[in-house]
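*Asks:* any chance you can model this:
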Amino acid sequence: MKRKPIYLTREGYESLKREYEELRNKLFYDVAERIKEARELGDLSENSEYDEAKNEQGRLDSRIRELESILDNAEIIDEGEEVTEVSLGCKVILKNTDTGEERTLVIVNPAEADIFKGKVSVESPIGKGVLGKKVGDVVRVRTPKGVQTYKIMGISR
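*Replies:* The predicted structure follows:
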């Protein structure tokens with residue numbers, strides 16, 4: 001049963017798919033081998049290597065299940081369509097009205113968010129603030145630095 005769609009950029013989908021494959025391989029080969037080696041050491045009740053490997057197995061399994069859910073419900077955003085207002089998958093050029101500083105952000109699903117790559121979650125304060133806005137609109141956003149005012153200078157896919 002397919003749940004609510006999770007909208008991802010093509011790049012984000014491919015990145016999550018690669019992570020999924022890497023984790024599956026690591027879980028099934030590396031961690032399984034560590035568990036096997038730890039079992040061979042004997043008494044499992046005081047075997048920290050075994051406990052650590054089992055804990056890592058649990059973490060990897062949890063992330064794999066999360067990625068499976070995201071990928072199963074993913075819908076790729078059509079990056080070819082022209083946009084007139086900010087929506088998921090848009091690249092937005094913002095100008096801070098106080099400092100004049102411009103920055104370009106991509107509005108993405110929370111699963112793709114990476115502030116160091118300029119990818120901001122649609123659920124973040126900035127993401128929520130610019131969603132549905134058009135070029136020329138001014139938005140006020142509460143950030144960790146306080147309330148910031150931005151003018152939308154450009155929108156593209």
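*Asks:* can I see the domain layout of this structure?
*Replies:* The chain breaks down into these domains under automatic domain parsing: 6-76, 91-156.
*Asks:* now tabulate the ones you listed in TSV and tack on mean pLDDT, distance to Val83 and mean neighbour count.
*Replies:* For the C-beta atoms, the positions are set from N, CA and C on the backbone; glycine is no exception. Formatted as TSV, these follow (pLDDT from 0 to 100; distance: least, Cβ to Cβ, whole Å; neighbours: other Cβ atoms under 10 Å):
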stretch	mean pLDDT	distance to Val83	mean neighbour count
domain 6-76	82	13	14
domain 91-156	92	5	16
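*Asks:* secondary structure element for Gln148?
*Replies:* Using DSSP states H and E, Gln148 sits in strand 146-156.
*Asks:* so what secondary structure elements neighbour that strand?
*Replies:* Contact here means 3 or more Cβ pairs under 8 Å, 6 or more residues apart in numbering; DSSP states H and E; on that basis strand 146-156 packs against strand 91-96, helix 125-130, strand 138-143.
*Asks:* distance to Leu27 added to the ones you listed, as JSON lines?
*Replies:* Converted to JSON lines, these look like this (distance: least, Cβ to Cβ, whole Å):
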{"stretch": "strand 91-96", "distance to Leu27": "35"}
{"stretch": "helix 125-130", "distance to Leu27": "32"}
{"stretch": "strand 138-143", "distance to Leu27": "38"}
